[in-house]
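Enquirer: From the sequence below, what's the structure:
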Amino acid sequence: MKASAQPLHVLNLVRWYPNRYDPMPGLFVQRHAEAAARYAKVALVYAHGVKDRNHIPLYEVDYETKADVRTVSVYYRLPRRHIPLISSAIGLWRFFRANRKGIRKVKLPHEKFDVIHVHVLTRLGFLALFYKWAHGTPYIITEHWTRYLNSRKEFKGFFRKQLTRLVVRHAAIVTTVSEDLKRAMKSHKLLHPDYRVIHNVVDRVFFEVVAKKPSKQKVGRKEFVHVSCFTDVHKNISGLLRVIKKLSENRDDFHFMLVGEGEDLEKMKAYADKLDIPRKVLVFTGLLEGKTLAETMAKTDALVIFSNYENMPVVINESFVIGIPVFSTNVGGIAELVNNTNGRLVSKGDEKTLLQLIEDFLNDKFGFRKEQIQKQARQQFSPEAIGKTLIGIYEDTVKKTSHEL
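Expert: I've put the predicted structure just below:
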C-alpha cells in the first residue's frame, strides 16, 4: 500500500457523464470523481456514441482538467445503417476502441493507475476486468442503474447476466448508492463479499445558500418545487399535476415550480393546460443548474417527488443540504434517507394521500426543523465527506490486492 504522502492514481471509466449534447447525465458521477480528486490523482474517460452526426470524424477526443479531474471525452460515430447484429457489433467495437483511445490520452507519462473505478456496468466492467488480467490493476464498481429493480425488469439476457456476474465477482469492492439497489443486484445473483453503500455528493454551491426562514404566520402561501428529467413514465409528473389541479380547486395559498427539461416537458405543459391549472399556482421554469438551482430551491418550503420508481435521486440530498424537507413516494432507496424528521413518504401513485399530505402541510398541521435537516445533511453529503469515503475504498482495494499477491 502506498504511503499517505503519495496520493493514489485512480482511473474512472464512466458510462454516463455530462457531454456536449446533454449537460445532465451522470452529474452524480462527475461529483464523485471531483470529491475523490481532493485526496487522489484522478483521471476520467467517457465514450459517447453519436448517431446521425455526419460532421464529426469517426473518433473525436476532447481533453480538459476540471476540479483537478483529468477528463477525456471521446465521441465516436455509430453505424449509419442498421444491420441486425453487424451494426451492434461495430458499435460495440467502436465503444471499446474509444475508451482505449481515452485511456491513452488521459494517462500521464510513466503513470500507473492504482485503481480503476467503474461507474455503471456491464461493458466498462469487462474492460476493467481485461486491465486487471493484463496489468494487475484492481477495480471497483459503483452502480447507479435502476434496471436491476423488480419494478423495472430490465436486466435481461443470458450472456449479459453471466458476463455481469463475472465482472462483479472479480471486482475488489462493489458500491451502490442505496441498500435497495444492493439488494436488487444480489437478487440477480450478482454476488460479492464486499458490497458498500456510498451516498451521492452534493455540489458545493448548495452549501453556500440558506433556506428561507419558516413563516410564523398562518397567512401567506407556501412554495413547492419539483426537480426532474421530465420523463413521465419515471417521474409521474402527470400524477403530480392532477394533485396540483385538485389542490387548486379548494385553495390558492400555494405555488409549485416544476424545474427541469426532458422528453415529456412539452407534453406535461400541454397536460397542465388541459387540466386548466391556474397559472398563478404553477410554473415550468425549464432547466436550472448550479447556483441558480440552489437559490431557487432555497426559497421553497418543500421538495415534492412523485416517481413511479427511483434509485436514490441526488436532488433529495441537495434539498436536505439547504434544509428543505422532502415529500416523496416510497420507492427505491428513498426511505433510507426520508423519514418524519425531514419529510414524508406516500405510496407509489397514491394521489389522494399526497393531496391530503400537502393540505395538512399548508394547514400547518406539521412542520420541520430546517436547521437540523441541514446540519445532518452537510455532515453526510459534502464533497469532503464522500471524498474521504472514496479514498478509504481505494486504499482498501490496494490493500486487498497486495494481500492477494
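
Enquirer: Tell me how far stretch 171-178 lies from the chain's centre.
Expert: Distance of stretch 171-178 from its chain centroid, counting by Cα atoms, centre = their mean, to the nearest Å, is 15 Å.

Enquirer: Just the element for the residue positioned nearest the centre of the chain, please.
Expert: Taking Cα atoms, centre = their mean as the criterion, residue 28 is the residue nearest the geometric centre of the chain, at 4.4 Å. Taking DSSP states H and E as the criterion, residue 28 maps to helix 27-36.

Enquirer: Kindly report the same for residue 126.
Expert: For residue 126, the host element (DSSP H and E) is helix 123-135.

Enquirer: how much does the next helix or strand after that helix deviate in direction from helix 27-36?
Expert: Per DSSP H and E, helix 123-135 leads on to strand 139-143 as the next helix or strand towards the C-terminus. Here strand 139-143 runs at an angle of 140 degrees relative to helix 27-36 (axes from the mean of the first three to the mean of the last three Cα atoms, to 10 degrees).

Enquirer: who touches strand 139-143?
Expert: Residues outside strand 139-143 that contact it (Cβ atoms under 8 Å, 6 or more residues apart in numbering) are 29, 32, 115-121, 125, 128-129, 131-132, 167-168, 171-177, 181, 185, 198, 393-394, 397. (Glycine included, C-beta is placed from N, CA and C.)

Enquirer: Just the ones of those residues in helices?
Expert: 29, 32, 125, 128-129, 131-132, 167-168, 181, 185, 393-394, 397 (DSSP state H).

Enquirer: Go through those residues and say which is closest to residue 322.
Expert: Of all those, residue 322 sits closest to residue 32, with 20.5 Å by Cβ to Cβ.

Enquirer: in the stretch 51-200 of the chain, which spans are strands?
Expert: Using DSSP state E, counting those that start in this stretch, the strands of the stretch 51-200 of the chain run over residues 59-66, 69-77, 115-119, 139-143, 173-176, 195-197.

Enquirer: I'd say residue 103 and residue 45 touch.
Expert: Yes. Using Cβ atoms under 8 Å, residue 103 is in contact with residue 45, at 5.6 Å.

Enquirer: Which one's more surrounded, the two?
Expert: Using other Cβ atoms under 10 Å as the criterion, residue 103 and residue 45 rank with residue 45 on top: 27 against 19.

Enquirer: My read is that the more buried one contacts residue 70, right?
Expert: No. Assessed by Cβ under 8 Å, residue 45 is found out of contact with residue 70, at 9.4 Å.

Enquirer: overlap in contacts of these two?
Expert: By Cβ under 8 Å, 6+ apart, residue 45 and residue 70 have these common neighbours: residue 106.

Enquirer: Which stretches in this protein count as helices?
Expert: 27-36, 86-106, 123-135, 158-170, 179-187, 232-235, 237-248, 265-275, 290-298, 314-322, 351-362, 370-380, 383-404.

Enquirer: Low-confidence bits of the stretch 201-350 of the chain, can you list those?
Expert: By pLDDT under 70, the low-scoring segments of the stretch 201-350 of the chain are 212-219.

Enquirer: Please, where are all the strands along it?
Expert: 222-227, 254-259, 282-286, 302-305, 326-329, 343-346.

Enquirer: Throw these into TSV and include mean neighbour count and distance to residue 363, thanks.
Expert: Listed next are the strands of the stretch 201-350 of the chain as TSV, based on neighbours: other Cβ atoms under 10 Å; distance: least, Cβ to Cβ, whole Å:
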stretch	mean neighbour count	distance to residue 363
strand 222-227	22	10
strand 254-259	21	11
strand 282-286	15	20
strand 302-305	23	14
strand 326-329	24	15
strand 343-346	20	14
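
Enquirer: right, and the ones you listed - which one's nearest residue 154?
Expert: Comparing those by Cβ to Cβ, strand 326-329 comes nearest, at 19.3 Å.

Enquirer: any idea how far that closest one is from the chain center?
Expert: 17 Å.

Enquirer: Which neighbouring elements make contact with that strand?
Expert: strand 302-305, helix 314-322, strand 343-346, helix 351-362 (3 or more Cβ pairs under 8 Å, 6 or more residues apart in numbering; DSSP states H and E).

Enquirer: ok, residues contacting it?
Expert: Identification of contacts with strand 326-329 by Cβ under 8 Å, 6+ apart yields 236, 302-308, 310, 316, 319-320, 334, 338, 342-350, 354, 357-358, 361.

Enquirer: Neighbour count says what about these? Which are buried?
Expert: Among these, those classed as buried by 16 or more other Cβ atoms under 10 Å are 236, 302-308, 310, 316, 319-320, 334, 338, 342-346, 350, 354, 357-358, 361.

Enquirer: coming back round to it: summarise which helices and strands the helix holding residue 126 is packed against.
Expert: Helix 123-135 sits against strand 9-14, helix 86-106, strand 115-119, strand 139-143, helix 158-170, with contacts defined as 3+ Cβ pairs under 8 Å, 6+ apart.
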